[in-house]
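S.K.: Structure of the sequence below:
(one chain, ligands or ions: 1)
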Amino acid sequence: MTAHAIRMTTTGGPEVLEYAAIDVPDPRPGEAVVEVYASGVNFIDTYHRSGLYEVPLPFTPGSEGAGVVTAVGSDVNEVAVGDRVAWVGVAGSYATRVVANAGMLMNVPDDIELGVAAAIPLQAMTAHYLISDTYPLGPGDTCLVHAAAGGTGRLIVQMAKLRGAQVVATAGSEEKLEIARNGGADHAINYRESNIVEAVEAAVGKDAIDAVYDGVGAATFDAGLAVLRPRGVMATFGNASGAVPPVSPLALMPKSLFLARPSLFSHMLTAEERVARWNEIISWVQAGELEIRVGHTWSLADAGVAHTALESRATTGKLLLTEGG
Ligand code: NDP
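M.R.: Here you go, the predicted model:
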């Protein structure tokens, strides 16, 4: 069976992403073939493309999407042909068909469109573990969320509010601040115009932040340490502005801070854990408590355009690729 996919034979800029015809192998035992309705674009895909995170070449980026199962191998009990499914952690998802370990596929209820389902797994499950496990937020807590109009950031804002916490959000433009406020942020700071530490202290006071959720990295890390309360938690979970340089443990000593550098894949180690996160997120979406905001959809062939937009801070919400565009 043939399909189309994005391929890269070298690392580099968005121009290394090429649209190509591929052969889709028959599913082996435990595998399923899925016709991809939409693939999620995530910042990690740009790290794979640029070489910041090493990948074997040639390589098809993408690890997330939603679609319909078209074939299953032997020993597959999790899904059947015709099932609507979503996933994260399936390599080569920038494609019109993907062969997946059937155990990675999560059921999509009939009342959730596939174009919405594709936008959920990676970023929403990340937001979920950050606010549930890295620092479990509750009423009385105050958190700082950077890039709060972005795909992951706005979901953290919404989930923090669902847990009853106060949220201080940062973003890079007035339009983005409004998107963060619409997500529930109590305070919104334009960190391109204001000093983060001064603005956070003006909003909630000195040393008042219980947890910092920082996907921006190099540009915001030091400010995050400065606004945390004693024994607060710095969760640095991404590198949108560049990787955080090495940190001395002594930098944490004055306030006895905790430093975490978590990733999603350590937070879905078993099918039970992955499905429990998915089910709670889906129940919020079905109840209208969590808005999944798709900022832009490109055709699969325009994956490089999507990467350029994401890396140039031009986007908000979730970014998707579909064959039709
Ligand atoms: P976003 O949709 O949040 O886009 C990135 C945003 O980062 C931009 O829109 C921009 O918002 C902000 N930003 C700040 N500085 C820069 C810069 N120099 N270059 C580009 N963007 C910048 O992307 P994602 O939601 O996909 O990912 C957000 C972060 O979360 C990434 O670092 C990603 O690696 C990380 N992540 C980590 C996971 C984990 O488990 N560890 C899982 C998922 C994501 P603004 O204009 O408002 O500054």
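
S.K.: Could you chop the protein up by domain?
M.R.: The record's domain split for the chain, according to automatic domain parsing, is 2-120+292-322, 123-265.

S.K.: what would those look like in CSV with distance to residue 278, mean pLDDT and mean neighbour count?
M.R.: (C-beta placed from N, C-alpha, C; glycine too.) As requested, these are exported to CSV (distance: least, Cβ to Cβ, whole Å; pLDDT from 0 to 100; neighbours: other Cβ atoms under 10 Å):
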stretch, distance to residue 278, mean pLDDT, mean neighbour count
domain 2-120+292-322, 5, 97, 19
domain 123-265, 7, 98, 20
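
S.K.: ok, the residue most central in space within the chain - contacts?
M.R.: Residue closest to the mean C-alpha point of the chain, counted by Cα atoms, centre = their mean, is residue 123 at 2.6 Å. Residues near residue 123 by Cβ atoms under 8 Å, 6 or more residues apart in numbering: 40, 42, 151-152, 155, 318.

S.K.: Please save the CA atoms from stretch 187-200 in CSV.
M.R.: Coordinates of the C-alpha atoms in stretch 187-200 are reproduced here as CSV (Å, rounded to 0.1, in the frame of the first residue of the first chain):
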residue,chain,number,x,y,z
HIS,A,187,-2.7,37.9,35.5
ALA,A,188,-1.2,38.2,32.1
ILE,A,189,2.3,39.7,31.4
ASN,A,190,3.8,40.6,28.1
TYR,A,191,7.4,39.3,28.7
ARG,A,192,8.7,41.0,25.5
GLU,A,193,7.9,44.4,27.1
SER,A,194,8.1,43.9,30.8
ASN,A,195,10.7,42.5,33.2
ILE,A,196,9.3,39.2,34.3
VAL,A,197,10.4,39.3,37.9
GLU,A,198,9.1,42.9,38.5
ALA,A,199,5.8,42.1,36.7
VAL,A,200,5.1,38.9,38.6
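
S.K.: Turn the domains of the chain into JSON lines, columns for distance to residue 279.
M.R.: Putting those into JSON lines (distance: least, Cβ to Cβ, whole Å) gives the following:
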{"stretch": "domain 2-120+292-322", "distance to residue 279": "9"}
{"stretch": "domain 123-265", "distance to residue 279": "11"}
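
S.K.: Dump these to CSV, plus distance to the ligand.
M.R.: Below are these laid out as CSV (distance: least, Cβ to the nearest ligand atom, whole Å):
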stretch, distance to the ligand
domain 2-120+292-322, 4
domain 123-265, 2
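
S.K.: Relative to residue 284, which of those domains is closest?
M.R.: Minimum separation from residue 284 across these (Cβ to Cβ) falls at domain 123-265, 6.7 Å.

S.K.: quick revisit: to residue 273, which of the domains of the chain lies closest?
M.R.: domain 123-265 (9.1 Å).

S.K.: mind checking how far that closest one is from the chain centre?
M.R.: 15 Å (Cα atoms, centre = their mean, to the nearest Å).

S.K.: Adjust the sequence numbering to begin at 387 for everything that follows.
M.R.: Okay, using 387 as the starting number, the last item reads as domain 509-651.

S.K.: and the end-to-end length of it?
M.R.: Taking Cα to Cα, to the nearest Å as the measure, domain 509-651 stretches 12 Å from start to finish.

S.K.: quick one: contacts for the residue nearest to residue 677 when sequence neighbours are not counted?
M.R.: Leaving aside its sequence neighbours, residue 677 sits nearest to residue 544 (Cβ to Cβ, 6 or more residues apart in numbering; 6.7 Å). Applying Cβ under 8 Å, 6+ apart, one finds that residue 544 lies in contact with 513, 569-570, 676-677.

S.K.: What ranges does the stretch 537-686 of the chain have for its strands?
M.R.: In the stretch 537-686 of the chain, the strands defined using DSSP state E, counting those that start in this stretch lie at 552-557, 573-576, 595-600, 614-622, 644-646, 680-685.

S.K.: In terms of secondary structure, what does the following helix or strand past the last one contact?
M.R.: Put plainly, it is strand 680-685. Using DSSP states H and E, the helix or strand that directly follows strand 680-685 along the chain is helix 689-697. Helices and strands touching helix 689-697, by 3 or more Cβ pairs under 8 Å, 6 or more residues apart in numbering; DSSP states H and E, are strand 417-427, helix 429-436, strand 680-685, strand 704-708.
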